[in-house]
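K.L.:
My questions are about this predicted structure, shown below with the sequence.
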Amino acid sequence: MTAIIDTDPGIDDAIAILYALRQPDLGIAAMTTVAGNIGLSVTTANALRLAALAGAPTPVHPGAAAPLGREPRPETGIHGNDGLGGVVLPDPDRSAEAESAVDCLARRLTEAPENSVDLFCLAPLTNIANLLTSAPAAAARIRRVIAMGGAVEEPGNMGRAEFNLAHDPEAAAIVLHAGLDLTLIPLDATRQFRADAAYLDRLRACGTLAASTCADLIDAYFVQTAHQAKGAESRPLHDPCVPLFARHPELFRIETRNLQVDHDGALVPGPHPIRVAMGVEADALRARLAEGLGG
């Protein structure tokens, strides 16, 4: 397998990336960055720092700095101004590539055998939409897309919609309506996947830098309120579900729903059959995540 991660790190993106880069069978060939949780310069720098921490020579290609025709709406209230909740990562050991995200995607898809490259999408889908519109022949060679986004039966976390789709609804519509081999992992599944303090202890006991860093990241991701210093569980671990699904699809309950993306980025009934994860085996997923970070 070969995969490219499209990302806007982001606390939960960072956990997903550290997990994925430690799995040789996923074959992470590159990361492409986009503005989402935080601005493009920060998401790109964070991707470079994560590659350095993982000891992976993974090239990072900057992409779209804003949604298609809309203003960015970063989530600094959750992820912090650094995108990582104040968790300090090592300095990058390489610079971002001069080749843009879309040019990287088009080149790698064209050079690789047809239907051999997966896209792991952890962010607003602006880069993927730009690929579809500017290089459709290359996009037709994608093996599959696994994307975190949307809310089917669950309420949204950004008005009626989920953040990744709501940040760039036009891009989401282009991608989700394109007829790609696509599996969407929405809030219906990710809200079932959380961590508690005992799980952080478990990660720290793994003895690897990746696992201890993810424990720190999750610790920064606990829900903070004026009435409780720390909730019993973290916020949902949304983005790690993408590489976990790639390796352990049996731990996800997949359904096909006929949907479309509306103007606000909400998933509503429509003509497009889309595979969506509607549930997870959370205990088993937590075990696989710990094993992958500490193995």
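P.N.:
Right, received. Where do you want to start? Numbers count the residues shown, from 1 in each chain.
K.L.:
List the contacts of the nearest residue to residue 21 once chain neighbours are set aside.
P.N.:
Closest residue to residue 21 apart from its sequence neighbours, by C-beta to C-beta, 6 or more residues apart in numbering: residue 54 at 4.1 Å. Using the backbone N, CA and C atoms, a C-beta is placed for each residue, glycine as well. Residue 54 sits next to 17-18, 21-22, 210 when contact means C-beta atoms under 8 Å, 6 or more residues apart in numbering.
K.L.:
In strands only, show me the residues you listed.
P.N.:
Per DSSP state E, strands hold no members of the contacts of residue 54.
K.L.:
quick one: which of those is most hemmed in?
P.N.:
Neighbour counts for the contacts of residue 54, by other C-beta atoms under 10 Å, peak at residue 17, which reaches 30 neighbours.
K.L.:
Residue 33 is in contact with that one, correct?
P.N.:
No: Residue 17 lies out of contact with residue 33 (C-beta atoms under 8 Å); the separation is 10.8 Å.
K.L.:
Give the intersection of the neighbour lists for those two.
P.N.:
The contact lists of residue 17 and residue 33 share 7, 9, 47, where a contact means C-beta under 8 Å, 6+ apart.
K.L.:
And the pLDDT for residue 228?
P.N.:
Residue 228 carries a pLDDT value of 41.
K.L.:
again with residue 221
P.N.:
79.
K.L.:
do you know how far it is from residue 83?
P.N.:
Noted for residue 221: a distance of 12 Å to residue 83, by C-beta to C-beta, to the nearest Å.
K.L.:
residue closest to the middle of the chain?
P.N.:
With distances taken as C-alpha atoms, centre = their mean, residue 122 lies nearest the centre of the chain, 1.7 Å away.
K.L.:
quick one, what contacts that one?
P.N.:
Here residue 122 is in contact with 5-10, 12-13, 16-17, 147-148, 164, 239, 242 (C-beta under 8 Å, 6+ apart).
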